[in-house]
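> generate a structure from the sequence data that follows.
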Amino acid sequence: MGFPGVWMTESESLIYRVVPKCACSTIGQIMFYSDHGRYFDGDIHDSTTGLHKWNQDGSQEPIRNAVLGHKTPAFTCVRNPYTRILSSFFDKIAGIQRNGKRYRGKLVPQLIQRYGIDVGSPENGFDFDQIASFRRFLLFARDTIRWRRPMEPDIHWSAMSGHISTFIGSGGRYDRIFFTEKFNDGMQEVLSDTKPAHKLDLKKVPRFNESEGHGPKRAHKVSAYFDDLSRHLIWEMYKDDFLLFRYDFDDPDNKMPIGEVDLDEVHAKLRY
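Below you'll find the model as predicted:
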């Protein structure tokens, strides 16, 4: 199967399994900086040099050898499922992308027609009922995950455990899985496992977020978006994410993890 979604520094000092909406842009830029002493000029997802990526032909052999050789520290980062799906909605559905267009072209018009979603527009200041539209989006997201209709689940709202499992299933092993909510502490532990060519102060690293300023801001606290039905759908989609990564399902407003990740448990349960 290979290692889709895996990035590695050119120096082979770090291996990272990308999980969308979990600080992946910032992590990629930190990895780039650790080798080159500068950040990539642009969205790190657009880079084709300076960082090994599985979808680049010349990178597959070095990544495969490093992963299976188990000599390079491998890590990933996770996020509270409630705030992750909200972020996906406000960025990919309600927001305007960097190219000035809607995400995936016809997706939003399709959601408006099929699910009755309203996301406003820049012209009206993104004035719409955020709670009602988000809950309808949640039905769509569940349909894509459960039945793969009307489309395959998008990487930005498919379960974190699904992304993370592909690395394990192909023979990889994580040395660390840390929390977006404790980013600096977790990333510092990752960097301490290696000797980067260029050291950096994590407190001074910009947060690289392409959606910032391109769409509506969340107007309510997290729990306001999740009624009983919404929480039922969330559990259906992300049960493994809550359990494996120790997030609080009972309190949507508690974004912090309630325990530490057990790496042995993750590898045992996600080794398909």
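
> secondary structure element for residue 257, which one?
Taking DSSP states H and E as the definition, residue 257 sits outside all helices and strands.

> low-confidence stretches in the chain?
210-213, 272 (pLDDT under 70).

> which secondary structure elements does the host helix or strand of residue 58 sit against?
Element membership for residue 58, per DSSP H and E: helix 57-69. Secondary-structure packing of helix 57-69 (3 or more CB pairs under 8 Å, 6 or more residues apart in numbering; DSSP states H and E): strand 6-9, strand 15-17, strand 51-53. Placement of C-beta: from N, CA and C, glycine included.

> got the buried residues for the longest one?
Right, strand 6-9. 6, 7, 8, 9 (16 or more other CB atoms under 10 Å).

> check stretch 21-32 too.
Across stretch 21-32, burial judged by 16+ other CB under 10 Å covers 21, 22, 23, 24, 25, 26, 27, 28, 29, 30, 31, 32.

> quick one: residues contacting the last one.
Read it as residue 32. Residues near residue 32 by CB atoms under 8 Å, 6 or more residues apart in numbering: 9, 38, 39, 40, 44, 47, 50, 51.

> can I get stretch 156-163 in CSV? Just the C-alpha atoms.
Taking Å, rounded to 0.1, in the frame of the first residue of the first chain, the C-alpha atoms of stretch 156-163 are listed here in CSV:
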residue,chain,number,x,y,z
HIS,A,156,-10.5,17.1,6.2
TRP,A,157,-13.4,15.4,8.0
SER,A,158,-12.6,11.7,7.7
ALA,A,159,-11.5,10.2,11.0
MET,A,160,-8.0,10.8,12.4
SER,A,161,-7.7,7.1,13.2
GLY,A,162,-8.2,6.3,9.6
HIS,A,163,-5.4,8.6,8.5
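
> distance from that stretch to the middle of the chain?
8 Å (CA atoms, centre = their mean, to the nearest Å).

> okay, helices next: where are they in the stretch 151-272 of the chain?
Assigned by DSSP state H, counting those that start in this stretch, the stretch 151-272 of the chain shows helices spanning 160-169, 183-192, 228-244, 263-269.

> what are the contacting residues of the shortest one?
Residues lying outside helix 263-269 but in contact with it, judged by CB under 8 Å, 6+ apart, are 164, 168, 173, 174, 175, 176, 177, 240, 244.

> need the buried residues of stretch 21-32 in JSON lines (columns: secondary structure and distance to residue 257).
Shown next, in JSON lines, are those (DSSP: H, G, I helix; E, B strand; the rest coil; distance: CB to CB, whole Å):
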{"residue": "21", "secondary structure": "coil", "distance to residue 257": "16"}
{"residue": "22", "secondary structure": "coil", "distance to residue 257": "13"}
{"residue": "23", "secondary structure": "coil", "distance to residue 257": "15"}
{"residue": "24", "secondary structure": "helix", "distance to residue 257": "18"}
{"residue": "25", "secondary structure": "helix", "distance to residue 257": "21"}
{"residue": "26", "secondary structure": "helix", "distance to residue 257": "19"}
{"residue": "27", "secondary structure": "helix", "distance to residue 257": "18"}
{"residue": "28", "secondary structure": "helix", "distance to residue 257": "23"}
{"residue": "29", "secondary structure": "helix", "distance to residue 257": "24"}
{"residue": "30", "secondary structure": "helix", "distance to residue 257": "21"}
{"residue": "31", "secondary structure": "helix", "distance to residue 257": "23"}
{"residue": "32", "secondary structure": "helix", "distance to residue 257": "27"}
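
> got those residues as TSV, with distance to residue 194 columns?
As requested, those are exported to TSV (distance: CB to CB, whole Å):
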residue	distance to residue 194
21	25
22	20
23	18
24	19
25	20
26	17
27	14
28	16
29	16
30	12
31	10
32	14
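
> ok, so of those residues, who is nearest residue 109?
Residue 109 lies nearest to residue 21 out of these, by CB to CB, at 22.8 Å.

> next one: stretch 226-241 to chain centre, how far?
Remark: stretch 226-241 is offset 18 Å from the chain centroid, using CA atoms, centre = their mean.

> ok, and the closest non-adjacent residue to residue 38?
Spatial nearest neighbour of residue 38, chain neighbours left out: residue 32 (7.8 Å); criterion: CB to CB, 6 or more residues apart in numbering.

> what about that neighbour, distance to residue 176?
19 Å (CB to CB, to the nearest Å).

> equivalent analysis for residue 123, please.
Separation of residue 123 from residue 176 (CB to CB): 45 Å.
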